[in-house]
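Undergrad: Structure here, sequence nowhere to be found:
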């Protein structure tokens, strides 16, 4: 049974337009992912594809104008708002994308200690700071005194000392030097190998390939494919969805072939398959309805033409 399961998640935001008219912008539609204990699921996709919104939905920290439908379960039970609050920072921990999540009025050592749920908090904080090459005097600093890389390592430390069963890491490595990046990735892998679960949200497919078990590809607010990590090889011939293949081939280390067109804005989503306007395989049938996710070759795909 998955430790974390998201089924048919849709999120829209209610906004006011000219004349105080209300309009809903759907930014996530029919999104599905499953996360199992002992594995790392990497979530990749272009900016605006819904990766960070998924993390915020799981933790129950969406803004007040968000309208959400679908089902989220943790350890087999529905993830209600009350349950999200009780689990947040304890059994489910977030490494946020922005360093602004640090409290500007609290010394960073104390902030990390407040995330320790068991054992000696001071000892745990000092050990994790040493692991991430943060000098002893850093614990007495305020966030404004940290460099960008130091602030990111502090956020990583906060999640790592929590003892959580699930870590959601939202772009945890930008601004870090290669040594610290490798250290962080190895720690995520160690975390999973000890029976916990990691969702790694990233633009960096190469980093994901080093540690992930599966990769979920997002496009325009939905999951288009979930594939074993070893499918990302060669010309992408083992991948299932046209977007996944195009994304893989667009990387500089591969063919460096750009994908024509652009990801649609939430206010102007096409009917049917969201990738159809950019897809070489698209047929009139693709525009009738958004395909359902289906199992295919030890993975999942949302495409009627995938084989």
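TA: Arrived safely. Owing to the predicted nature of the structure, the values given are computational and were not obtained by experimental measurement.
Undergrad: May I see the buried residues of stretch 169-178?
TA: For stretch 169-178, the neighbour count (16 or more other C-beta atoms under 10 Å) marks 169, 170, 171, 172, 173, 176 as buried. For every residue, glycine as well, the C-beta is placed using N, CA and C.
Undergrad: tell me the centre residue of the protein?
TA: The centroid of the chain falls nearest to residue 201 when counting by C-alpha atoms, centre = their mean (3.0 Å).
Undergrad: I'd like to know how far that one sits from residue 55.
TA: 6 Å (C-beta to C-beta, to the nearest Å).
Undergrad: Now the common contact residues for these two.
TA: 168, 170 (C-beta atoms under 8 Å, 6 or more residues apart in numbering).
Undergrad: pLDDT score for the residue nearest to the centre of the chain?
TA: Here, the pLDDT recorded for residue 201 equals 95.
Undergrad: Would you enumerate the residues in contact with it?
TA: Counting by C-beta under 8 Å, 6+ apart, residue 201 touches 42, 43, 51, 52, 54, 55, 97, 168, 169, 170, 171.
Undergrad: Quick check: beta-bridge partners of it?
TA: According to DSSP bridges, the residues that bridge with residue 201 are residue 43, residue 170.
Undergrad: what's the answer for residue 214, then?
TA: Beta-bridge pairing for residue 214 (DSSP bridges): residue 41, residue 228.
Undergrad: same question, the one 5 residues further on
TA: With DSSP bridges applied, the residues forming beta bridges to residue 219 are residue 222.
Undergrad: So it sits against residue 44, correct?
TA: No. The criterion here is C-beta atoms under 8 Å, and residue 219 misses it with residue 44 at 10.1 Å.
Undergrad: can you pull out the strands in the protein?
TA: Assigned by DSSP state E, the chain shows strands spanning 4-16, 22-35, 40-44, 66-74, 77-78, 92-95, 166-170, 197-201, 214-219, 222-228, 294-296, 299-301.
Undergrad: if we can go back for a sec, I'd like to know how far the residue nearest to the centre of the chain sits from residue 149.
TA: Residue 201 sits at a distance of 19 Å from residue 149 (criterion: C-beta to C-beta).
Undergrad: Also residue 280?
TA: From residue 280 to residue 149 the distance is 41 Å (C-beta to C-beta).
Undergrad: Looking at the two, which is more packed in?
TA: A direct count of neighbours by other C-beta atoms under 10 Å for residue 280 and residue 149 places residue 149 higher, at 19 against 7.
Undergrad: Tell me how far that one lies from residue 95.
TA: Noted for residue 149: a distance of 14 Å to residue 95, by C-beta to C-beta.
Undergrad: Fine, thanks again, bye for now.
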